[in-house]
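Model the structure of this input:
(2 chains)
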Amino acid sequence: GAGVSQTPSNKVTEKGKYVELRCDPISGHTALYWYRQSLGQGPEFLIYFQGTGAADDSGLPNDRFFAVRPEGSVSTLKIQRTERGDSAVYLCASSREGGNEQFFGPGTRLTVL
Amino acid sequence: EDQVTQSPEALRLQEGESSSLNCSYTVSGLRGLFWYRQDPGKGPEFLFTLYSAGEEKEKERLKATLTKKESFLHITAPKPEDSATYLCAVQAVDSNYQLIWGAGTKLIIKP
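Have a look, this model is predicted:
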């Protein structure tokens, strides 16, 4: 079956611009997670959705970051007024209800010039 | 503080040379320990979940083991296609989703 998909695979933007990153989870998975990964590091938790609601957004670094999942499936991570420090790979993962294992997408590499 | 430390940071082996990667963890109570493989430019790929000390899981040339303080990923007779970064993560009993990640071990298998 289809895995987690993310678009775009690469995004280059200029400092101060707005970007949206999309995640399409595995069909039927109710939980969705966003992570950020820098080179040589493990993923850093950003936000967790259970269904349509953000159950935990404690990992979002500041109020420039926002994520939605309006219909409980596809999610969009939105970053306003991007900064060079936002450059990283943004990973999305999903898991089935009650499942512990998280399955990851290929990531979006964001570069802020 | 909950913490995961992986060692070594990098490991170069000859094809067929068996070895082990280490994941040491400190967590208030362990719900599960996860191993993932990550290839360059890709997301982590799930390998194993271990839940209790003494548990072992195997997949092809990989075997994961768990004690109360650490987990090992044993690689037997590796091939060049086993080259990747191997990530370890733990989940605490007081969380049903949060994973605490190590920084990974970059494994290079030379033909």
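
What's the separation between residue B:74 and residue B:111?
Separation of residue B:74 from residue B:111 (Cβ to Cβ, to the nearest Å): 21 Å. C-beta: built from backbone N, CA, C; applies to glycine.

neighbour count winner among these two?
Between residue B:74 and residue B:111, residue B:74 has the larger neighbour count (other Cβ atoms under 10 Å in any protein chain shown), namely 15 against 7.

Tell me if that one really is in a helix.
No: going by DSSP: H, G, I helix; E, B strand; the rest coil, the assignment for residue B:74 is strand, not a helix.

Okay, and the beta partners of it?
According to DSSP bridges, the partner residues bridging residue B:74 are residue B:20, residue B:63.

Tell me the residues of chain B that contact chain A?
Taking Cβ under 8 Å from any Cβ of the partner chain as the measure of proximity, chain B contacts chain A at B:4, B:31-32, B:34, B:36, B:41-46, B:49, B:87, B:89, B:91, B:96-99, B:101-104.

Out of these, which end up buried?
When burial is judged by neighbour count using 16 or more other Cβ atoms under 10 Å in any protein chain shown, the buried members of the residues of chain B next to chain A are B:4, B:31-32, B:34, B:36, B:43-44, B:49, B:87, B:89, B:91, B:97-99, B:101-104.

In strands only, show me the residues you listed.
Secondary structure of those is defined by DSSP state E; positions in strands are B:4, B:31, B:32, B:34, B:36, B:49, B:87, B:89, B:91, B:101.

just these now: which is nearest chain A?
If you rank those by distance to chain A using Cβ to the nearest Cβ, residue B:101 comes first, at 3.0 Å.

ok, that closest one to residue A:93 distance?
For residue B:101, the distance to residue A:93 (Cβ to Cβ) stands at 12 Å.

Residue B:4 too?
17 Å.

Then residue B:9?
Separation of residue B:9 from residue A:93 (Cβ to Cβ): 24 Å.

Check residue B:78 too.
Plainly put, residue B:78 is 27 Å away from residue A:93 if you go by Cβ to Cβ.

ditto for residue B:12
Taken as Cβ to Cβ, the span from residue B:12 to residue A:93 is 30 Å.

Quote the end-to-end distance of stretch A:65-84.
Distances were taken as Cα to Cα, to the nearest Å; on that basis the terminal residues of stretch A:65-84 are 14 Å apart.
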